[in-house]
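*Asks:* Fold the following and give me the result.
(2 chains)
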Amino acid sequence: GAGVSQSPSNKVTEKGKDVELRCDPISGHTALYWYRQRLGQGLEFLIYFQGNSAPDKSGLPSDRFSAERTGESVSTLTIQRTQQEDSAVYLCASSFRTGYYEQYFGPGTRLTVT
Amino acid sequence: KNEVEQSPQNLTAQEGEFITINCSYSVGISALHWLQQHPGGGIVSLFMLSSGKKKHGRLIATINIQEKHSSLHITASHPRDSAVYICAVNYGQNFVFGPGTRLSVLP
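*Replies:* Numbering: from 1, shown residues only, chains lettered A, B, ... in the order given. Below is the predicted model:
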């Protein structure tokens, strides 16, 4: 079946603009995760959603970052007033549930803030 | 906060060698994941385990809960195994990644 998809694959934006990144999880997966990977660095957890529960926002780096998820489907990660340090690959993953379930990763969105 | 460490940072091996990558963490966890990130950036989940040992093809992952340590072994390594291998742990509602081990397998 279809895997996790993300759009756009690449996004170049000017400093100060807002951007929206989209993630389509695997159908039936109730858990959805957002991660960030800066160039040459490791993965950072940003936020996760489990079903209709309130999301765990503990990893969001600032209040410029927010994320929404409609039910158990599409999620959008929004970055307001982008800064150059926001440049990174943003990865989405989904799993059947949180906890002891394998995560399936999307291809990522490469964000470049100029 | 859970600190996740991996060793070695970088590893170069000859094709056919047996490879071991280590991961240690500081706080009790619910699950540990081994991920593979290909040179193009794509990430694949290799294993998820909370105890004992798992095997998939030439890959073996073990975890020792008491010692807070996990190992990923690759038998009969091949150049296509060249990638970054990442250890990640679930604890409570948190998910923490290790820095990764960059493996290069030379033909």
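*Asks:* Just give me the residue right at the centre of chain A.
*Replies:* Per C-alpha atoms, centre = their mean, the C-alpha nearest to the average position across chain A is that of residue A:34, at 3.3 Å.
*Asks:* Three-state assignment for that one, please.
*Replies:* Recorded secondary structure, residue A:34: strand (DSSP: H, G, I helix; E, B strand; the rest coil).
*Asks:* Wait, residue A:36 touches residue A:46, no?
*Replies:* Yes: look at residue A:36 against residue A:46 with C-beta atoms under 8 Å: they come within range, at 5.7 Å. C-beta: built from backbone N, CA, C; applies to glycine.
*Asks:* Kindly state the beta-bridge partners for the residue lying closest to residue B:9 once chain neighbours are set aside.
*Replies:* Leaving aside its sequence neighbours, residue B:9 sits nearest to residue B:101 (C-beta to C-beta, 6 or more residues apart in numbering or on different chains; 6.4 Å). Per DSSP bridges, the residues bridged to residue B:101 are residue B:85.
*Asks:* Residue B:13 too?
*Replies:* Here residue B:13, judged by DSSP bridges, has bridge partners residue B:105.
*Asks:* how near is it to chain A?
*Replies:* 22 Å (C-beta to the nearest C-beta, to the nearest Å).
*Asks:* How many neighbouring residues does that residue have?
*Replies:* 17 (other C-beta atoms under 10 Å in any protein chain shown).
*Asks:* Same check on residue A:12?
*Replies:* Quick note: residue A:12 (other C-beta under 10 Å) scores 12 neighbours.
*Asks:* Now it: closest residue in space that isn't a chain neighbour?
*Replies:* Using C-beta to C-beta, 6+ apart, the nearest residue to residue A:12 is residue A:112, at 4.7 Å.
*Asks:* swap in residue A:23?
*Replies:* residue A:92 (3.4 Å).
*Asks:* would that neighbour count as being in a strand?
*Replies:* Yes: counting by three-state DSSP, residue A:92 is part of a strand.
*Asks:* Next, show the common contact partners of residue A:36 and residue A:46.
*Replies:* Common contact partners of residue A:36 and residue A:46 (C-beta atoms under 8 Å, 6 or more residues apart in numbering or on different chains): A:61, A:90.
*Asks:* Return the alpha-carbon coordinates of the helix or strand of chain A with the lowest mean pLDDT using CSV.
*Replies:* Here the helix or strand of chain A ranked lowest by mean pLDDT, DSSP states H and E is strand A:43-50, holding a mean of 90. Listed in CSV are the C-alpha atoms of strand A:43-50, where the atom choice follows Å, rounded to 0.1, in the frame of the first residue of the first chain:
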residue,chain,number,x,y,z
LEU,A,43,17.1,13.9,14.3
GLU,A,44,15.2,16.0,16.7
PHE,A,45,11.7,15.2,17.9
LEU,A,46,9.2,18.0,17.4
ILE,A,47,5.6,16.8,18.1
TYR,A,48,3.4,13.7,18.0
PHE,A,49,-0.3,13.0,17.7
GLN,A,50,-2.1,9.9,18.9
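*Asks:* Which elements pack onto it?
*Replies:* The helices and strands touching strand A:43-50, judged by 3 or more C-beta pairs under 8 Å, 6 or more residues apart in numbering or on different chains; DSSP states H and E, are strand A:31-37, strand A:65-69, strand A:75-79, strand B:94-97.
*Asks:* Please state the offset of the worst-scoring helix or strand of chain B on mean pLDDT from the chain centre?
*Replies:* In chain B, no helix or strand scores lower on mean pLDDT, DSSP H and E than strand B:94-97, which sits at a mean of 83. Relative to the chain's own centre, strand B:94-97 is displaced by 14 Å; criterion: C-alpha atoms, centre = their mean, to the nearest Å.
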